[in-house]
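Novice: pasted the sequence and its predicted model underneath.
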Amino acid sequence: MAKEAVLELKQKAKELRKEILTMVYHAQSGHPGGSLSAIDVMVGLYHYKLKVDPKNPLWGDRDRFVLSKGHCSPAIYAVLADRGFFPKSELGSYRKINSMLQGHPELSTPGIDFAGGALGQGICFALGIALACRLDRKSCSVYAMIGDGEAQEGAVWEASMAASFYKLENLIVILDKNQVQQTGKVKDVMDIGNAGLKWKAFGWNVIDINGHDMSQIVKALDKASKMKNKKPTIIISNTIKGKGVSFMELNHKFHGKTPNDEEYNKAIEEIDKIDVKKFR
Amino acid sequence: MEKLATRDGYGKALLELGKQNQNVVALDADLSDSTRSEYFAKQFPDRFFSMGIAEQDLIGAAAGLAFSGKIAYASTFAIFSERAYEFIRNIVSRNKLNVKIAGSHAGIFTGEDGKSAQAIEDIAIYRALPNMIVLQPCDSVEAEKMVFALADYKGPSYMRMHRNPVPVIHKADYKFEIGKGEVLKQGKDAVIFATGTLVHEALKAAEILEKEGIKVYVVNIHTIKPLDNNLVIELAKKTNCVVTAEDHNVIGGLGSAVAEVLSENFPCRMKRIGLQDKYAESGKPDELYKKYGLDAESIAEEVIRFVKKR
């Protein structure tokens, strides 16, 4: 990918970071930390990798994206609106009564392929989609994003075992390894250990990247989709919860806490100052 | 009379359905021989998914298949489906996905395996889920009809099945309709709304009662949700003496469903026969039914007491 194109994606991620913060600020509810860690990969997916059609969200041959960590709804709403799945003006209604943008994603929202909110479920759901796509001889890929805290859920490992058993090379999981969960650091709450080794032992291809480095992201996505060795692939996306806002970074308090006026203004100021050329 | 288990009907029908409809897939959690989904598995290995002993993944994957346009029959023991309850709640019923959950070995009728295997709360928990319908066949023919009817019904369902054989009371041309109660015996003095295996006990109880000069309606409630409200209210009005019978806890099951409808539409006294908020134990099904008051004699005694009190 050309440098300019990567730069454009980085610029896009910078803009969407502000959208995320604005959404949770206006709603005074929502999860900024995990959205900020996941947004770079989501931009890589929706603005580069995924075969999707905003005018036909349920297009049968589309690539699927299952956001298992459904609390990061601000990130996916921001990127879906940006791709034109629904008007950007909807973002202001996030989490409000009668809104199409529910606190956690629902299938009724255009572009949403999984109704998340309960951790450990998306990877099982993605597995089912991948089985169906193979049965129907579709060439699409099924992507699922899970969190590192989420990897504490046993069902993640049930599905990881099954994906390997069924040789689902059309399944690509992204582990948003942002190191922090609601009550503290993942390693302190329940250490998931060496994630790469674990998935390798489960029979997966493992790709390790810096999940804020756009050039690494697009390369990893390309590599993953070309892996045709009868194994599912996981991209360990090493990220920082709250990335881009100094006082939110690796701060578990901003898992589910929204910024007040002062914090919001400061956060936007910091993001405005991001030099995308150096951002990673 | 020929005896077959409802799970036999399930397996037979699933295989037939698989032949007729390419869109049907089946999944199981290492119990396909017990649930009889193995008939389908052997014929259609590409459309059958063994998920191992992993019920959450069983339901999650079934939901993903259904989201992709498949009609997904996911079977395991009734009790173990409960392991995946929150998956069923948050993926299947919340999204109205076309997943047909089949829970076998329900109730204390399961017998010797004891408490751990005897699901007595499954109707209650699945009934509480919006979008979910809850059904229980009383014989293998009805189970077959149910499997086909569910394929035509768009949405999630829970079908409760049983391990041990029961008399086949329906003929092959039986017309089954989701949500409609079936009056098996006309009566006058009381009505017994029964479901599943207790339909047979209720029929036998009606014979005993007839000798005592008491005529009871026996109604097969194969669909607990949505309940046939009109029929329940109609027969309550006719008899003013309503009895429910189920191999399930009296809390949350058929008895509760009938009580909910009657208390709002035609309040009347009721007797709920079922497990009295307790777990059972190992034993032969008939021994257990006798000990826990679910056999025909116990039902007849309850009805006599109830009718006399009126």
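Specialist: Looks like it arrived, so ask away.
Novice: how about the residues of the stretch 101-250 of chain A by chain B?
Specialist: A:106-107, A:113, A:115, A:117-118, A:120-121, A:123-133, A:135-136, A:154-155, A:158-159, A:161-162, A:165-166 (CB under 8 Å from any CB of the partner chain). C-beta here means a position set from N, CA and C on the backbone, and glycine is covered the same way.
Novice: all helices of the chain, in order?
Specialist: Here I'm looking at chain A. A:3-27, A:32-44, A:73-82, A:122-135, A:154-165, A:186-190, A:195-201, A:214-226, A:261-272 (DSSP state H).
Novice: wrong one, chain B
Specialist: Under DSSP H, chain B gives helices at B:6-20, B:32-35, B:38-43, B:55-67, B:78-81, B:85-87, B:122-127, B:140-152, B:198-211, B:229-239, B:254-265, B:285-291, B:296-309.
Novice: distance to residue B:274, mean pLDDT and mean neighbour count added to those, as JSON lines?
Specialist: Shown next, in JSON lines, are the helices of chain B (distance: least, CB to CB, whole Å; pLDDT from 0 to 100; neighbours: other CB atoms under 10 Å in any protein chain shown):
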{"stretch": "helix B:6-20", "distance to residue B:274": "18", "mean pLDDT": "98", "mean neighbour count": "22"}
{"stretch": "helix B:32-35", "distance to residue B:274": "24", "mean pLDDT": "98", "mean neighbour count": "19"}
{"stretch": "helix B:38-43", "distance to residue B:274": "31", "mean pLDDT": "98", "mean neighbour count": "20"}
{"stretch": "helix B:55-67", "distance to residue B:274": "25", "mean pLDDT": "98", "mean neighbour count": "31"}
{"stretch": "helix B:78-81", "distance to residue B:274": "15", "mean pLDDT": "98", "mean neighbour count": "25"}
{"stretch": "helix B:85-87", "distance to residue B:274": "21", "mean pLDDT": "98", "mean neighbour count": "18"}
{"stretch": "helix B:122-127", "distance to residue B:274": "10", "mean pLDDT": "98", "mean neighbour count": "24"}
{"stretch": "helix B:140-152", "distance to residue B:274": "20", "mean pLDDT": "98", "mean neighbour count": "22"}
{"stretch": "helix B:198-211", "distance to residue B:274": "8", "mean pLDDT": "98", "mean neighbour count": "22"}
{"stretch": "helix B:229-239", "distance to residue B:274": "16", "mean pLDDT": "98", "mean neighbour count": "18"}
{"stretch": "helix B:254-265", "distance to residue B:274": "6", "mean pLDDT": "98", "mean neighbour count": "19"}
{"stretch": "helix B:285-291", "distance to residue B:274": "11", "mean pLDDT": "98", "mean neighbour count": "18"}
{"stretch": "helix B:296-309", "distance to residue B:274": "11", "mean pLDDT": "95", "mean neighbour count": "18"}
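Novice: show me what residue of the stretch 201-310 of chain B gets nearest to chain A.
Specialist: For the stretch 201-310 of chain B and chain A, the shortest gap (CB to the nearest CB) falls at residue B:225, measuring 22.3 Å.
Novice: give the contact list for that residue.
Specialist: Contacts for residue B:225 (CB atoms under 8 Å, 6 or more residues apart in numbering or on different chains) come out as B:126, B:127, B:132, B:133, B:134, B:257.
Novice: closest one of the residues you listed to chain A?
Specialist: Using CB to the nearest CB, these come closest to chain A at residue B:132, 15.6 Å.
Novice: that older thread, what residues are up against the closest residue in space to the residue of the stretch 201-310 of chain B closest to chain A that isn't next to it in sequence?
Specialist: Excluding the flanking residues, the one nearest residue B:225 by CB to CB, 6 or more residues apart in numbering or on different chains is residue B:134, at 4.3 Å. Residue B:134 is in contact with B:123, B:126, B:127, B:157, B:158, B:160, B:223, B:224, B:225, counting by CB under 8 Å, 6+ apart.
Novice: and which of the residues you listed is nearest to residue A:50?
Specialist: Set against residue A:50, the nearest of these by CB to CB is residue B:157 (33.1 Å).
Novice: so that closest one makes contact with residue B:133?
Specialist: Yes: the criterion here is CB atoms under 8 Å, and residue B:157 meets it with residue B:133 at 4.8 Å.
Novice: between these two, tell me which one has more neighbours.
Specialist: Higher neighbour count among residue B:157 and residue B:133: residue B:157, with 25 against 22, using other CB atoms under 10 Å in any protein chain shown.
Novice: ok, now which ones touch the more buried one?
Specialist: B:99, B:100, B:101, B:132, B:133, B:134, B:135, B:150.
Novice: how many neighbours does the third one have?
Specialist: What that stands for is residue B:101. 27.
Novice: quick one, grab the pLDDT at it.
Specialist: We have a pLDDT of 98 for residue B:101.
Novice: ditto for residue A:213
Specialist: 98.
Novice: wait, it touches residue A:276, no?
Specialist: No: with contacts counted by CB under 8 Å, residue A:213 stays clear of residue A:276, the gap being 11.5 Å.
Novice: contacts only, for residue A:100.
Specialist: So residue A:100 contacts A:86, A:90, A:93, A:108, A:109 (CB under 8 Å, 6+ apart).
Novice: would you mind measuring from the fourth one to residue A:132?
Specialist: Applying CB to CB, to the nearest Å, the value for residue A:108 to residue A:132 is 21 Å.
Novice: so those two - more neighbours on which side?
Specialist: Taking other CB under 10 Å, residue A:108 and residue A:132 do not tie; residue A:132 has more neighbours (22 against 10).
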